[in-house]
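1. when you get a sec, could you give me coordinates for this:
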Amino acid sequence: MKTLIEALLKQALDALPEDRVPRAAREVSIEVENTRDAQHGDFATNLAMRLGKATRQNPRKLAEALAGALPPSTAVAKVEIAGAGFINFFLKDDAYHQEIAKVLKEGADRMPAPDGVCRWNSSPPIPPARCMSPMAGMRPSAPR
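-> Model prediction:
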């Protein structure tokens, strides 16, 4: 769901005129986080505040412009502006059901990771010399 909201925000940012957000300021990364409190929705972003800092504009007005430029989505129930410029996303009740149905229909093998790479283990590979020890991660000691 985060990748869907990031894509919606990217489309909204691209839809804003350049006099509102210059091309150089559009290079900020779009970060979407889970909210800590359900009253603030399911996901939130501070994109407008970071754009406001880069463009020296009011972040709340930028948040309103971004929210107005968001394309419609079958997964998003509503969008709210909070505080100085947070954008909160409330998902529809069946949003996750739609994603699960999509995985079941297309198969898990057909669903790419956000960056197109599947990472089963996020740790780096272990060198063979470290695997020779009875305790993984310890170097084998030299014979005495």
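2. pLDDT of the helix ranked longest in the chain, averaged?
-> Longest helix in the chain, counting residues (DSSP state H): helix 2-15. Averaged over helix 2-15, pLDDT sits at 91.
3. list the strands paired with the following helix or strand past it, with their directions.
-> Reading on from helix 2-15 to the C-terminus, the next helix or strand found by DSSP states H and E is strand 33-34. Partner strands and pairing direction for strand 33-34 (DSSP bridges) are strand 43-45 (antiparallel).
4. list the buried residues for the following helix or strand past the partner strand?
-> Downstream of strand 43-45, the next assigned helix or strand under DSSP H and E is helix 47-55. For helix 47-55, a neighbour-count test (16 or more other CB atoms under 10 Å) marks 47, 48, 49, 50, 51, 52, 54, 55 as buried. The way it works is simple: take the backbone N, C-alpha and C, and place the C-beta from them, glycine included.
5. if we look at helix 47-55, which residues are touching it?
-> Contact partners of helix 47-55, identified using CB atoms under 8 Å, 6 or more residues apart in numbering, comprise 9, 13, 21-22, 24-25, 28, 30-31, 57-60, 62-63, 66, 84-87.
6. tally of neighbours for residue 87?
-> Residue 87 has 26 neighbours, counted by other CB atoms under 10 Å.
7. other SSEs contacting the host helix or strand of it?
-> In this structure, residue 87 is located in strand 86-91 according to DSSP H and E. Under the contact criterion of 3 or more CB pairs under 8 Å, 6 or more residues apart in numbering; DSSP states H and E, strand 86-91 touches strand 43-45, helix 47-55, helix 59-69, strand 76-82.
8. which of the ones you listed is buried the deepest?
-> Using mean count of other CB atoms under 10 Å, the stretch among the helices and strands packed on strand 86-91 with the largest mean neighbour count is strand 43-45, at a mean of 21.
9. good, we can wrap up now.
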